[in-house]
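Chemist: here's a sequence, model it:
(chains A and B)
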Protein chains: 2
Amino acid sequence: MKKALAFDIGGTKIYSTIIDETGNVIGEIDKFSTPKTLDKIKQILKEQISKYENKVDAIAIATAGAVNNDNTSVIGSTGNLPKGYSSIDFQGLSTKRVFLENDANAAAWAEYKIGASRGTNVSVMLTLGTGVGGGIIINDRMLKGKSGAAGEMHFKMYPDKRRKCTCGSWDCFEIYASGTALKLDAEEALHDKNVTTYDVIDGAKKGNKKMVDILERWQNDIIVGIKGLTNLFDPDCIVLSGSMAQFVDIKHVEQEVNSDIVTTPTSIRLATAGNYSGMIGAALMALKG
Amino acid sequence: MKKALAFDIGGTKIYSTIIDETGNVIGEIDKFSTPKTLDKIKQILKEQISKYENKVDAIAIATAGAVNNDNTSVIGSTGNLPKGYSSIDFQGLSTKRVFLENDANAAAWAEYKIGASRGTNVSVMLTLGTGVGGGIIINDRMLKGKSGAAGEMHFKMYPDKRRKCTCGSWDCFEIYASGTALKLDAEEALHDKNVTTYDVIDGAKKGNKKMVDILERWQNDIIVGIKGLTNLFDPDCIVLSGSMAQFVDIKHVEQEVNSDIVTTPTSIRLATAGNYSGMIGAALMALKG
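Modeler: Now for the predicted structure:
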């Protein structure tokens, strides 16, 4: 059975393991804090690759940032990774095929192959974490766009500049639907810069009316965004993943969305492919072609 | 050379002509007011078909409303066409193949094959008229979604219910970017129910400051929507068509969009396939497969 050495390179952590062509994690999970310099990131990659490359058929990297349509390099800026990250010569790291994909896209592919969106023709995945990632699969193909950067959840929630997004623009879905957004919602509602997402989640659980309202406002913004995506893509399902997805009332969201769209009803689902879905998706893609 | 008898069935007019497999209009343009009853619509179709079907290879219908993925029938409601329109047995109208496609999708396909988006991999077309139509083409394929209704430009411009959309929901792009929207913008700005889009366009042309501002607000909303679409689809180009497209400052829109997106620059273009692009696109689709 074919195997890939898989990486997940994010702003805070780098993970690495071995994954087989059916999506099974068959190695140990190696975990590193993401270094602040390019050289140290390269060093981690090189060491892992030299350890494992003779046992695998490909190197599969799920990474922050957009990846080109050939899946060979990172394009554009990648927020919380060191400057110049996209200049890394990933292809030079191994004699084996080095396959890259954006982490949200890779995770969406894992859901499509072994998880919540298996068997669908059109699926949209939203990764709700510190930010919001997106991965859209149409007719067995990742939506990549002209340069590889498609699926960015930076459509606008207001047209008139209310809240600055981490991308530098204004009022993107990301800055109303992410964990960061929930904190901003709470800061605005409570006039308190120190309130945390944990305070909101925990308070809401305990029935604190203010916290319930804040959580509801956040969820309503997610619903508004999903309505638009549903009318645009008419998807079989929308999968929610990421650390914040567990705080969404999936059944309520599905009901609200389906009561207010111009297309036929869609299905809202929690991701099921697990924490390593980025690495799994990248490995499945790397080993298929 | 293969030919199709093509129809464009809209809420106010029905057009019909003969189109060859290269997209040339080779027949007279027959034009009818759309009857208020199903029977009279069927009668028009039947008469045209009986006149021409022995000279053509297929019947190609561009129609208001969503069309299923097999391109054989209309699904869901179609606003300004008579109730029950989707129950018409289109397949029973001719012994030749009867191919249907949503009018905005068909027009987008015409632009892709012989017009402004020729040679692109990913294109989004916005038809700015009384409403807003959408047609999205990805890798030589119309984006249809699970039921055929994809490409609906009903994503939200506000999350908090300000302006009711013709679809029954609130604050869709359509109700901020259409001709109807421009009239509403003017009504709100001038507190005058009787102001027309013509008043705005004509006033703006003559330098009337209020009218210039109203037109600018409308165009800014279009820009906001296009930014979101660009980040989602990373398209090679966005084509603007329809009666309102001529009032958009294409170069300005392109500049504004490209200065505020997370993907690589896109190209904004005016449609070039002409007034019969719906019939042309439907004919090209019907004759290709």
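Chemist: okay, CA-based contacts and neighbour counts for the rest of this
Modeler: OK.
Chemist: gap between the residue most central in space within chain A and B:A186?
Modeler: When C-alpha atoms, centre = their mean is applied to chain A, the residue found nearest the centroid is A:A104 (3.1 Å). Separation of A:A104 from B:A186 (C-alpha to C-alpha, to the nearest Å): 42 Å.
Chemist: could you find the closest non-adjacent residue to A:F233?
Modeler: Once flanking residues are discounted, A:F233 sits nearest to B:A150: 4.8 Å by C-alpha to C-alpha, 6 or more residues apart in numbering or on different chains.
Chemist: for that neighbour, phi and psi?
Modeler: Reported as degrees, to the nearest 10, the phi and psi values for B:A150 are phi -60, psi 170.
Chemist: before we move on, what about A:A62?
Modeler: The phi/psi pair for A:A62 (degrees, to the nearest 10) reads phi -90, psi 120.
Chemist: how far away is it from chain B?
Modeler: Separation of A:A62 from chain B (C-alpha to the nearest C-alpha, to the nearest Å) stands at 19 Å.
Chemist: same question for A:G135.
Modeler: In terms of C-alpha to the nearest C-alpha, A:G135 sits 10 Å off from chain B.
Chemist: contact residues of chain A facing chain B?
Modeler: Neighbours of chain B within chain A, by C-alpha under 8 Å from any C-alpha of the partner chain: A:121-122, A:143-159, A:167, A:169, A:221, A:224-225, A:227-229, A:231-236, A:260-264.
Chemist: looking at those, which are in helices?
Modeler: Counting by DSSP state H, the part of the residues of chain A next to chain B found in helices is A:D221, A:V224, A:G225, A:K227, A:G228, A:L229, A:N231, A:L232, A:F233.
Chemist: can you list those residues in JSON lines and add neighbour count, distance to B:T22 and pLDDT?
Modeler: Formatted as JSON lines, these follow (neighbours: other C-alpha atoms under 10 Å in any protein chain shown; distance: C-alpha to C-alpha, whole Å; pLDDT from 0 to 100):
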{"residue": "A:D221", "neighbour count": "20", "distance to B:T22": "46", "pLDDT": "98"}
{"residue": "A:V224", "neighbour count": "23", "distance to B:T22": "42", "pLDDT": "98"}
{"residue": "A:G225", "neighbour count": "25", "distance to B:T22": "40", "pLDDT": "98"}
{"residue": "A:K227", "neighbour count": "27", "distance to B:T22": "38", "pLDDT": "98"}
{"residue": "A:G228", "neighbour count": "24", "distance to B:T22": "35", "pLDDT": "98"}
{"residue": "A:L229", "neighbour count": "25", "distance to B:T22": "34", "pLDDT": "98"}
{"residue": "A:N231", "neighbour count": "25", "distance to B:T22": "32", "pLDDT": "98"}
{"residue": "A:L232", "neighbour count": "25", "distance to B:T22": "29", "pLDDT": "98"}
{"residue": "A:F233", "neighbour count": "25", "distance to B:T22": "29", "pLDDT": "98"}
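Chemist: show me which residues of stretch A:40-53 are buried.
Modeler: Across stretch A:40-53, burial judged by 16 or more other C-alpha atoms under 10 Å in any protein chain shown covers A:I41, A:K42, A:L45, A:K46, A:Q48, A:I49, A:E53.
Chemist: let me see the contact set for the last one.
Modeler: This points to A:E53. A:L5, A:I59, A:S94, A:K96 (C-alpha atoms under 8 Å, 6 or more residues apart in numbering or on different chains).
Chemist: checking my notes, it in a helix, right?
Modeler: Yes. Under DSSP: H, G, I helix; E, B strand; the rest coil, A:E53 sits within a helix.
Chemist: how far away is it from A:T17?
Modeler: Taking C-alpha to C-alpha, one finds A:E53 at 11 Å from A:T17.
Chemist: surely the residue nearest to the centre of chain A touches A:G133?
Modeler: Yes. Contact criterion C-alpha atoms under 8 Å: A:A104 and A:G133 qualify, at 5.3 Å.
Chemist: got any residues that touch both of those two?
Modeler: By C-alpha under 8 Å, 6+ apart, the residues touching both A:A104 and A:G133 are A:M125, A:L126, A:T127.
Chemist: in a markdown table: those residues, plus distance to B:I88.
Modeler: Formatted as a markdown table, these follow (distance: C-alpha to C-alpha, whole Å):
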| residue | distance to B:I88 |
| --- | --- |
| A:M125 | 37 |
| A:L126 | 39 |
| A:T127 | 42 |
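Chemist: in the sheet, who's paired with the spatially closest residue to A:A271 that is not a sequence neighbour?
Modeler: Using C-alpha to C-alpha, 6+ apart and skipping the chain neighbours, the partner closest in space to A:A271 is A:S241 (5.0 Å). For A:S241, the beta-bridge partners are A:T127 (DSSP bridges).
Chemist: A:M211: which of the buried residues of stretch A:40-53 is nearest?
Modeler: Closest approach between these and A:M211, by C-alpha to C-alpha: A:I41, at 40.0 Å.
Chemist: coming back round to it: what is in contact with A:E53 and A:T17 at once?
Modeler: Common neighbours of A:E53 and A:T17, using C-alpha under 8 Å, 6+ apart, are A:L5.
Chemist: which parts of the stretch 101-250 of chain A are strands?
Modeler: A:122-128, A:132-138, A:141-142, A:237-241 (DSSP state E, counting those that start in this stretch).
Chemist: how near is A:K146 to A:D70?
Modeler: For A:K146, the distance to A:D70 (C-alpha to C-alpha) stands at 11 Å.
Chemist: more neighbours: which of those two?
Modeler: Applying other C-alpha atoms under 10 Å in any protein chain shown to A:K146 and A:D70 shows that A:K146 carries more neighbours, namely 24 against 11.
Chemist: OK, contacts around the more buried one?
Modeler: Contacts of A:K146 (C-alpha under 8 Å, 6+ apart): A:N69, B:N121, B:V122, B:D234, B:P235, B:D236.
Chemist: how many neighbouring residues does the first one have?
Modeler: Each residue near A:N69 was counted by other C-alpha under 10 Å, and the total is 19.
Chemist: just to revisit the earlier point, tell me which of the strands of the stretch 101-250 of chain A sits most buried.
Modeler: Greatest average neighbour count among these goes to strand A:122-128 (a mean of 28), per mean count of other C-alpha atoms under 10 Å in any protein chain shown.
Chemist: residues near the residue nearest to A:V212 when sequence neighbours are not counted, how many?
Modeler: Spatially, and ignoring its direct neighbours in sequence, A:V212 is nearest to A:A204 (4.5 Å; C-alpha to C-alpha, 6+ apart). By other C-alpha under 10 Å, 18 other residues sit near A:A204.
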